[in-house]
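Got a predicted structure here, sequence first:
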Amino acid sequence: MRHWRRLCWSVWAKHELDMSGDGVLPPILLIGGGRMGAAMLAGWRERGVSQVIVVDPSVEAARLAGDGVSVVPSGAVLPAGFAPEVVVLAVKPQIAAEAVPFCGRFAKRALYISIMAGKSLAGLADLVGPEAAVVRAMPNTPASVRQGITVAIAGAHVSAGQLELAHGLLAAVGSVAWVDEERLLDPVTAISGGGPAYVFLLTELLERAALAHGIAPELARLMARQTIVGSAALLAASEEDAADLRRAVTSKGGTTERALGVLMADGAWPAAMEAAIDAASARSAELGG
Ligand SMILES: NC(=O)c1ccc[n+]([C@@H]2O[C@H](COP(=O)([O-])OP(=O)(O)OC[C@H]3O[C@@H](n4cnc5c(N)ncnc54)[C@H](OP(=O)(O)O)[C@@H]3O)[C@@H](O)[C@H]2O)c1
């Protein structure tokens, strides 16, 4: 196994890698400037970009991209001579066949980074060419506050320099980890890709329960949100496992123990979570190709 391949298994903390001498990112073409594309773009801008062009037909994309970034409605109207070193594919996988193939013309020089859920390396090669250097990555929405986690895999034609470049671009919005088995990207999509939605659902359910018990709406909302935010901060500040932190708030014979007894009765919560992750993972595999 080559040295860089071994290196990339570990999670590199964000900002650990200096990607180029002056820190300015090379020219980037971003296809799809929606929620996730715009979040990544904001992270790159903080690092300093030389030139970024966004291809996105929506009016919203121009607002999300911010000042100084050109947004064009299609690949057909890119400025002549624009030669991106990185092409980031951030459209929905369902429209990839229509939105992506035009950029295959940059494959001689460019690194492609796809964040499309479920789109496999083989499917990406069909879109941009069999010799293209492609990284398949799965970020999550905390990327928009630079607290994301991205898990990625590098295709066969990615050079060591391109791997480092990809790492730096992904690390601009949070932590990055690399895997060498592509099948893992399906559970990754289900767990960290979709994970924020499960946490937000828990927040909603706590708020709903507070309302059901007659707590005023404003306080119900505050209690639910601050419980999640505070618990996440505690988790981040602690070296203990989540299970240990849970035990620490579960006194024998107390109220939390009673609640957990309901949630865990007959493995209810664990079974529901397992089934949910299996379903999302299967959907990720279905979207592949
Ligand atoms: N959101 C997440 O939590 C998350 C997490 C990990 C990965 N991802 C992946 O990230 C990708 C983008 O997701 P998102 O949540 O950012 O979606 P999104 O907000 O809908 O962004 C996609 C953007 O692509 C635009 N678009 C539509 N047709 C296009 C075309 N032909 N060329 C260029 N752009 C086009 C859309 O415009 P219109 O709105 O006008 O259609 C929209 O602005 C998806 O592949 C998704 O699987 C998302």
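Looks like it arrived, so ask away.

All the strands of the protein, residue numbers only.
Under the criterion DSSP state E, strands of the chain are mapped to 28-31, 52-55, 70-72, 86-89, 111-114, 133-138, 148-154, 174-178.

The ones you listed: which one's closest to Arg247?
The minimum distance between Arg247 and the strands of the chain falls on strand 148-154, with 24.8 Å, by CB to CB. In this view, the C-beta of every residue, glycine as well, is placed from N, C-alpha and C.

Briefly note if that closest one comes near the ligand.
No - counting by CB under 6 Å from any ligand atom, the ligand is not contacted by strand 148-154; separation bottoms out at 8.5 Å.

Compute the inter-axis angle for that strand and strand 133-138.
Angle between the axes of strand 148-154 and strand 133-138 is 140 degrees (criterion: axes from the mean of the first three to the mean of the last three CA atoms, to 10 degrees).

Quick check: pLDDT value at the residue of the stretch 151-289 of the chain at minimum distance from the ligand.
For the stretch 151-289 of the chain and the ligand, the shortest gap (CB to the nearest ligand atom) falls at Gly193, measuring 4.6 Å. Looking at Gly193, its pLDDT reads 96.

burial of it, as a residue count?
24 (other CB atoms under 10 Å).

I'd guessed it sits against Asn140; true?
Yes - contact between Gly193 and Asn140 holds when scored by CB atoms under 8 Å: they sit 5.5 Å apart.

Any figure for the gap between Leu234 and Val173?
In this structure, Leu234 and Val173 are 23 Å apart, going by CB to CB, to the nearest Å.

Counting neighbours, go ahead and name the busier of these two.
Between Leu234 and Val173, counted using other CB under 10 Å, the more crowded position is Val173 (28 against 13).

Now do the contacts for the more buried one.
Ala39, Met40, Ala42, Gly43, Pro139, Ala143, Ser144, Arg146, Gly148, Thr150 (CB atoms under 8 Å, 6 or more residues apart in numbering).

The last one and Gly104, how far apart?
In this case it means Thr150. To Gly104, Thr150 is 24 Å away according to CB to CB.

the more surrounded of these two?
Thr150 (27 against 16).

What residues are bridge-paired with the more buried one?
Val176 (DSSP bridges).

okay but it is in contact with Trp178, surely?
No - contact between Thr150 and Trp178 fails when scored by CB under 8 Å: they sit 9.4 Å apart.

Apart from its chain neighbours, what residue comes closest to Arg146?
Val173 (5.5 Å; CB to CB, 6 or more residues apart in numbering).

Need the phi and psi values for the one you found.
phi -120, psi 20 (degrees, to the nearest 10).

Stretch 201-220 close to the ligand?
No - Stretch 201-220 is not in contact with the ligand by CB under 6 Å from any ligand atom; minimum separation 13.8 Å.

For that stretch, list every residue counted as buried.
Of all the residues in stretch 201-220, those buried under the rule 16 or more other CB atoms under 10 Å are Thr203, Leu206, Glu207, Ala210, Ile215, Ala220.

Report the contact partners of the fifth one.
Contacts of Ile215 were listed using CB under 8 Å, 6+ apart, and they are Met223.

can you pull up the bridge partners for the nearest residue in space to Leu89 that is not next to it in sequence?
Spatial nearest neighbour of Leu89, chain neighbours left out: Ser114 (4.2 Å); criterion: CB to CB, 6+ apart. Legend: beta-bridge partners of Ser114 under DSSP bridges are Leu89, Arg136.

Ser114: what's it in contact with?
Val88, Leu89, Leu124, Val134, Val135, Arg136, Ala137.

pLDDT score for it?
pLDDT, Ser114: 98.

likewise Pro187?
97.

what about it, neighbour count?
Neighbours of Pro187 (other CB under 10 Å): 17.

Get me the contact residues on the stretch 101-250 of the chain for the ligand.
Ile115, Met116, Ala117, Met138, Pro139, Asn140, Thr141, Gly193.

give me every residue that touches the nearest residue to Met223 once chain neighbours are set aside.
Among residues not flanking Met223 along the chain, Ala210 sits closest, at 5.6 Å (CB to CB, 6+ apart). By CB under 8 Å, 6+ apart, Ala210 lies in contact with Leu219, Ala220, Met223, Ala224.

which residues does Val52 form a beta bridge with?
Here Val52, judged by DSSP bridges, has bridge partners Ile28.

Name the residue closest to the centre of this structure, please.
Residue closest to the average C-alpha location in the chain (CA atoms, centre = their mean): Pro139, at 1.1 Å.
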